[in-house]
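Asker: My questions are about this predicted structure, shown below with the sequence.
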Amino acid sequence: DGGITQSPKYLFRKEGQNVTLSCEQNLNHDAMYWYRQDPGQGLRLIYYSQIVNDFQKGDIAEGYSVSREKKESFPLTVTSAQKNPTAFYLCASSIQGSQPQHFGDGTRLSIL
Amino acid sequence: GQQLNQSPQSMFIQEGEDVSMNCTSSSIFNTWLWYKQDPGEGPVLLIALYKAGELTSNGRLTAQFGITRKDSFLNISASIPSDVGIYFCAGQGDSGYALNFGKGTSLLVTP
């Protein structure tokens, strides 16, 4: 079954702790993206990657880090430097950057 | 990126009614996309528009790429209860990668 898989569905973080959100796709897409969604808001771009071993900051990259070691995987780390991490995080991918993006089902991160 | 102006913010309609929503931008876009999001899930692509003036349908949904390239419209005909959700517009400019999203239109449909 092809698609984008995000895990876990729910994640809790303690103060000062780094957490990593997983995003895997088996669509053979080149480009992958991470967005943050807050209640009543649109999606805001955190990081994106056009190709393996390359990624660029989006509009709200501070306090986050990513890696793209494999084409199918684009994990997002929410570091302790992100002071307001509670949000719904969405991963997306597209064949290439100019093609429509398709989304996973998201990870909801909360602070303990 | 910029936040697009999407309206209305919410709609509460009866089953069978038609629905219209729109999205405007201060910048020109090359692509307009419309997504639907159900609670706790990721957005699902409904319609993609690539050319100014383009009118595209997907079942009961019809979307248009504005001639000025700064706006787009989505219409839903004969709404049904499963149309409930949040509808987002997204525009893509010359960067080719970043999507700029509206804040969404929340649609509620009563039987």
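Answerer: Looks like it came in fine.
Asker: and the worst-scoring helix or strand of chain B on mean pLDDT, which strands flank it?
Answerer: Scoring the helices and strands of chain B by mean pLDDT, DSSP states H and E places strand B:99-101 at the bottom, with a mean of 92. If you go by DSSP bridges, strand B:99-101 pairs up with strand B:85-92 (antiparallel).
Asker: which residues sit against the strand it pairs with?
Answerer: Outside strand B:85-92, the residues within contact range by Cβ atoms under 8 Å, 6 or more residues apart in numbering or on different chains are A:42-43, A:98, B:4, B:6, B:21-23, B:25, B:27, B:29-39, B:43, B:46, B:72, B:74, B:98-102, B:104-107. (Each C-beta comes from the backbone N, C-alpha and C, glycine too.)
Asker: before we move on, back to that, who's in contact with the least confident helix or strand of chain B?
Answerer: Applying Cβ under 8 Å, 6+ apart, the contact partners of strand B:99-101 are A:33, A:42-45, A:101, B:1-4, B:25, B:27, B:29, B:33, B:88-93.
Asker: switch to 6 Å and redo it
Answerer: A:42-43, B:1-2, B:4, B:88, B:90-92 (Cβ atoms under 6 Å, 6 or more residues apart in numbering or on different chains).
Asker: now those residues in JSON lines, with pLDDT, distance to residue B:11 and neighbour count?
Answerer: Listed next are those as JSON lines, based on pLDDT from 0 to 100; distance: Cβ to Cβ, whole Å; neighbours: other Cβ atoms under 10 Å in any protein chain shown:
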{"residue": "A:42", "pLDDT": "86", "distance to residue B:11": "17", "neighbour count": "21"}
{"residue": "A:43", "pLDDT": "93", "distance to residue B:11": "20", "neighbour count": "30"}
{"residue": "B:1", "pLDDT": "69", "distance to residue B:11": "26", "neighbour count": "19"}
{"residue": "B:2", "pLDDT": "74", "distance to residue B:11": "24", "neighbour count": "13"}
{"residue": "B:4", "pLDDT": "91", "distance to residue B:11": "18", "neighbour count": "25"}
{"residue": "B:88", "pLDDT": "96", "distance to residue B:11": "14", "neighbour count": "26"}
{"residue": "B:90", "pLDDT": "95", "distance to residue B:11": "19", "neighbour count": "26"}
{"residue": "B:91", "pLDDT": "94", "distance to residue B:11": "21", "neighbour count": "28"}
{"residue": "B:92", "pLDDT": "92", "distance to residue B:11": "25", "neighbour count": "24"}
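Asker: Show the pLDDT at residue A:78.
Answerer: In this prediction, residue A:78 carries a pLDDT score of 96.
Asker: Quickly list what it is bridged to.
Answerer: Applying DSSP bridges, one finds that residue A:78 bridges with residue A:19, residue A:64.
Asker: Isn't it up against residue A:86?
Answerer: No. Counting by Cβ atoms under 6 Å, residue A:78 sits too far from residue A:86 to count as a contact (10.0 Å).
Asker: And the pLDDT for the closest residue to residue A:54 other than its chain neighbours?
Answerer: Ranked by Cβ to Cβ, 6 or more residues apart in numbering or on different chains and with sequence neighbours excluded, the top spatial neighbour of residue A:54 is residue A:68, at 6.7 Å. Looking at residue A:68, its pLDDT reads 98.
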